[in-house]
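Enquirer: structural data only, the sequence is not supplied:
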């Protein structure tokens, strides 16, 4: 039995995956398009373990005609055409929960970068001609964390982990819960909002922790931003497509949004001509100290990456060898 990783993003010898695949054989490619892999190689695969560089739609499903399972190396399945694989009767699985703590930590770090003005102060110190401190004026986003209203949009594992961290700083936690009947018993002081609009109007900080699908695409758009306080902070460590970044730039330029911390973007890698990048690089007043960007690293740590790589291959192996199907999403 053979497991194929068509589009790996790692440059090492994949020792983690090879151990996890045993007793199955493991083959690895660094393709971006399906045609970069021979038909024979596709056809020989009993399982596919997919990164994010390739789109797994009809062409891959046709070429990988003997595949029995498709596993996404990650949580999101944005690059997988789920109906195509469902029509072929092939289960699609993911690896949930591998970096829950890391993403929650990262979301909080973006919040604190804005509340404490750390990026603003860093930029000031990097441009000083003399080794002196420039403490004033205070960064425009600087505020005391305790007492702020923090809206968590999406109260799954990561959203809950973030809520716990934010609550420890004395923030008031609110939830915009999409799933009816979500159990909030662990958070007795959490305020639950019936609509997103009500939550946005209440919040000083909005942190997104949702999957990307037809319902959530551009969830934060120009209309949503108009519901928010003009000094509110928007944090996204989930999926880039949840936020209309063009609308965010407009809101920042018009002082209708306090600041933004983004780890994910509608297009990745983030193009150098993106208005957010241009605003930072050119020192635009609307971006200075109000925009914090990181390159989709919220779930990254050495430990999280090892767990992700191992568990994705183990999921394929367990199904091929023992018929055990873990973490099926479609």
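Expert: Received it, and whenever you're ready, just let me know what you need. Keep in mind that this is a model prediction, so the values were computed, not measured. Residues are numbered from 1 along each chain as shown.

Enquirer: show me the contact partners of the helix or strand of the chain with the lowest mean pLDDT.
Expert: When the helices and strands of the chain are compared on mean pLDDT, DSSP states H and E, helix 118-127 comes out lowest with a mean of 86. Outside helix 118-127, the residues that touch it by Cβ atoms under 8 Å, 6 or more residues apart in numbering are 112, 113, 133, 134, 139, 140, 141, 288, 289, 292. The way it works is simple: take the backbone N, C-alpha and C, and place the C-beta from them, glycine included.

Enquirer: got the buried residues for that helix?
Expert: For helix 118-127, burial by neighbour count (16 or more other Cβ atoms under 10 Å) applies to 118, 119, 120, 121, 124.

Enquirer: need these in a markdown table with distance to residue 223, can you?
Expert: Output for those, formatted as a markdown table (distance: Cβ to Cβ, whole Å):
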| residue | distance to residue 223 |
| --- | --- |
| 118 | 31 |
| 119 | 28 |
| 120 | 29 |
| 121 | 34 |
| 124 | 35 |
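
Enquirer: for the residues you listed, work out which two are farthest apart.
Expert: Across the buried residues of helix 118-127, the longest distance by Cβ to Cβ is 10.8 Å; it joins 118 and 124.

Enquirer: check which helix or strand covers residue 86.
Expert: helix 82-87 (DSSP states H and E).

Enquirer: other SSEs contacting the next helix or strand after that helix?
Expert: Counting by DSSP H and E, the next helix or strand C-terminal to helix 82-87 is strand 92-93. Strand 92-93 sits against strand 69-72, helix 82-87, with contacts defined as 3 or more Cβ pairs under 8 Å, 6 or more residues apart in numbering; DSSP states H and E.

Enquirer: ok, residues contacting the longest one?
Expert: This means helix 82-87. 56, 57, 58, 61, 70, 91, 92, 329, 330.

Enquirer: one step back: any of the contacts of helix 118-127 buried? List them.
Expert: 113, 139, 140, 141, 288, 289, 292.

Enquirer: ok, the residues you listed vs residue 24, which is closest?
Expert: Looking across the buried ones among the contacts of helix 118-127 and measuring by Cβ to Cβ, the closest to residue 24 is residue 292, at 42.5 Å.

Enquirer: show me the contacts for the closest one.
Expert: Residues near residue 292 by Cβ under 8 Å, 6+ apart: 110, 113, 114, 119, 259, 260, 261, 262.

Enquirer: can you lay out these as JSON lines showing secondary structure?
Expert: What follows is those, written out as JSON lines (DSSP: H, G, I helix; E, B strand; the rest coil):
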{"residue": "110", "secondary structure": "helix"}
{"residue": "113", "secondary structure": "helix"}
{"residue": "114", "secondary structure": "helix"}
{"residue": "119", "secondary structure": "helix"}
{"residue": "259", "secondary structure": "strand"}
{"residue": "260", "secondary structure": "strand"}
{"residue": "261", "secondary structure": "strand"}
{"residue": "262", "secondary structure": "strand"}
